[in-house]
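Visitor: What would the 3D arrangement of this be:
(4 chains)
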2 protein chains.
Amino acid sequence: MKPHIRVVLADDHPVVRDGLAAMVNQQADMEVVAEAGDGDEAIAVYERHRPDVLVLDLRMPKRDGVAVVQRVLEINPKACILVMTTYDGDEDIFQCLSQGAKGYLLKDAPRQEILSAIRAVSEARPYTSSSVAAKALQRMGKPSLTQRELDVLQLVAQGRSNKDIARRLSITEGTAKTHVKAILTKLDAISRTEAVAVAHKRGLIHL
Amino acid sequence: MKPHIRVVLADDHPVVRDGLAAMVNQQADMEVVAEAGDGDEAIAVYERHRPDVLVLDLRMPKRDGVAVVQRVLEINPKACILVMTTYDGDEDIFQCLSQGAKGYLLKDAPRQEILSAIRAVSEARPYTSSSVAAKALQRMGKPSLTQRELDVLQLVAQGRSNKDIARRLSITEGTAKTHVKAILTKLDAISRTEAVAVAHKRGLIHL
DNA sequence: CCCGCGCTCCCTCTTAAGATAGAGGCGAGG
DNA sequence: CCTCGCCTCTATCTTAAGAGGGAGCGCGGG
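Guide: Below is the predicted model of the structure:
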């Protein structure tokens, strides 16, 4: 018999935490040792309990999943983190995985998949749901936006004009146009509004 | 002692169903009698079990919350429905409530609030979380879009040009512009991209 | 050292978007 | 019957957006 897998849950929805806790605690080989409701708590709780697996919601208050993954791996480079989110197509997923998260899971996954993902990650084996793996392949080759372009995209998505964007970023309108043009090219869009639609679909922007 | 409150859960996430079920079944005065994973199932299960309360996720496959509320109230006009969703600012909420859903709740609500909402709704008392009530007041007075304008808005949000929109809706570009103009005015936006941002925030469009 | 890349700025030109000000048809409801 | 809201169409005008060029500067890696 293997020793228990000690699990920490981090999710801002009490309902989801309860659901995961119920599932996990029903298993003979694992148990929930602590829960957290936001990013900061997640880090604190991880440090205190040093669990075998950290199950982490990507979208959380205070500090989002990406930041938590980063910080936890600073604390313990061997940490086993399983990232969960509601949406596929979230760009942040890939950031998490490339930063060293061991697995990724959609919230609408069936019970069995969730449990086997936790078991896999607890043994430091990577786990990635097939739909995410497919997305990762799709994303391959496609050009990524620079930080500056993401800044501009954010403002474009808020409905700002080029002139307005220029003012806010302290650059000329011409430069703003240059960035927007680059965004349109990289996202393969004809207009800024279409670019926003594409960016939304790819999870490059939230809200 | 009151009789048991018989609850049916409808949500496409197994995790959320488990969480709610765990919470509900821990209470002495209520129990989960059935679950559903999509809209069609929700209707079928409601009809079969006739629960005291139907807890319903707004966003579901096959048939969304609004449609389910409509259908269930056709079957039983006295049905007690508690609508749940992840996001405040969902326009659909108001549709549900005005159609006769008894309560509305955010998924990030604490356990206690969820349970008291179920109890309230089970006695046909309306329950609306304060954040939603606030939104409802905000929305008051603000002009609503016509069906045609929503059609146009949908296409605008996909990044279509006026000409393209005109072609798809079999109207002239001038008419498309008229609709867009009306949308901009009603949403208090300067550009179409801003209109999309506002529409998104208000839950007038999804994706 | 030089190359590539990201960021910045500049120019011209065409087209799409948005502001403005009309008007007619049509259906629901007073 | 007449009004009102919605949808449709028209025309003109101004400005913002996007296409298509080119160019300099700093910085990190080969």
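
Visitor: give me every residue that touches A:Cys96.
Guide: By CB atoms under 8 Å, 6 or more residues apart in numbering or on different chains, the residues touching A:Cys96 are A:58, A:65-66, A:69, A:81, A:83, A:104. Every C-beta, even on glycine, is put in place using the N, C-alpha and C of the backbone.

Visitor: out of these, who's nearest DNA strand C?
Guide: The shortest approach to DNA strand C among those belongs to A:Val66, at 18.4 Å (CB to the nearest atom of the strand).

Visitor: Please list the residues of chain A that sit near DNA strand D.
Guide: Residues of chain A found near DNA strand D (CB under 7 Å from any atom of the strand) are A:161-163, A:177-178, A:180-181, A:184, A:190-193.

Visitor: Just the ones of those in helices?
Guide: In this view, these that belong to helices under DSSP state H are A:162-163, A:177-178, A:180-181, A:184, A:192-193.

Visitor: List only buried entries from the residues of chain A next to DNA strand D.
Guide: With burial judged by 16 or more other CB atoms under 10 Å in any protein chain shown, the buried subset of the residues of chain A next to DNA strand D is A:161-162, A:180, A:184, A:192-193.

Visitor: tell me the secondary structure for A:Asp92?
Guide: helix (DSSP: H, G, I helix; E, B strand; the rest coil).

Visitor: Contact partners for the residue nearest to it when sequence neighbours are not counted?
Guide: Of all residues not flanking A:Asp92 in the chain, A:Val66 sits nearest, at 5.3 Å (CB to CB, 6 or more residues apart in numbering or on different chains). Residues in contact with A:Val66 (CB under 8 Å, 6+ apart) are A:58, A:92, A:95-96, A:99.

Visitor: Over to A:Asp64?
Guide: A:Asp64 makes contact with A:39, A:58, A:92 under the criterion CB under 8 Å, 6+ apart.

Visitor: okay, the residues you listed in a markdown table with pLDDT and distance to A:Pro110 next?
Guide: Formatted as a markdown table, the contacts of A:Asp64 follow (pLDDT from 0 to 100; distance: CB to CB, whole Å):
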| residue | pLDDT | distance to A:Pro110 |
| --- | --- | --- |
| A:Gly39 | 95 | 27 |
| A:Leu58 | 93 | 19 |
| A:Asp92 | 84 | 23 |
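
Visitor: Point out where chain A drops to low pLDDT.
Guide: A:1-3 (pLDDT under 70).

Visitor: now the strands: where do they sit in it?
Guide: A:5-10, A:30-36, A:53-57, A:81-85, A:103-106, A:127-128 (DSSP state E).

Visitor: for the first one, packing partners?
Guide: Right, strand A:5-10. helix A:14-25, strand A:30-36, helix A:39-49, strand A:53-57, helix A:111-122 (3 or more CB pairs under 8 Å, 6 or more residues apart in numbering or on different chains; DSSP states H and E).

Visitor: touching chain B at all, the second one?
Guide: Same thing as strand A:30-36. No: residues of strand A:30-36 contacting chain B under CB under 8 Å from any CB of the partner chain: none, with a closest distance of 11.9 Å.

Visitor: buried sites along that strand?
Guide: So for strand A:30-36, counting by 16+ other CB under 10 Å, buried means A:30, A:32-36.

Visitor: interface residues of chain A facing chain B?
Guide: A:12-23, A:86, A:107-111, A:114, A:156-161, A:189-198, A:200-201, A:207.

Visitor: the domain parsing of chain A - what is it?
Guide: By the assignment in automatic domain parsing, chain A contains the domains A:5-139, A:147-201.

Visitor: In the buried ones among the residues of chain A next to DNA strand D, find the pair that's most separated.
Guide: The most widely separated members of these, counting by CB to CB, are A:Ser161 and A:Leu184 (15.4 Å).

Visitor: A:Lys78: neighbour count?
Guide: For A:Lys78, the neighbour count with other CB atoms under 10 Å in any protein chain shown is 8.

Visitor: ok, now which ones touch the closest residue to it other than its chain neighbours?
Guide: Leaving aside its chain neighbours, A:Lys78 sits nearest to A:Ala124 (7.5 Å; criterion: CB to CB, 6+ apart). Counting by CB under 8 Å, 6+ apart, A:Ala124 makes contact with A:78, A:80, A:102.

Visitor: picking that back up, make JSON lines out of the ones in helices among the residues of chain A next to DNA strand D and add distance to A:Ser144.
Guide: Listed next are these as JSON lines, based on distance: CB to CB, whole Å:
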{"residue": "A:Asn162", "distance to A:Ser144": "22"}
{"residue": "A:Lys163", "distance to A:Ser144": "27"}
{"residue": "A:Lys177", "distance to A:Ser144": "21"}
{"residue": "A:Thr178", "distance to A:Ser144": "18"}
{"residue": "A:Val180", "distance to A:Ser144": "17"}
{"residue": "A:Lys181", "distance to A:Ser144": "16"}
{"residue": "A:Leu184", "distance to A:Ser144": "15"}
{"residue": "A:Arg192", "distance to A:Ser144": "19"}
{"residue": "A:Thr193", "distance to A:Ser144": "21"}
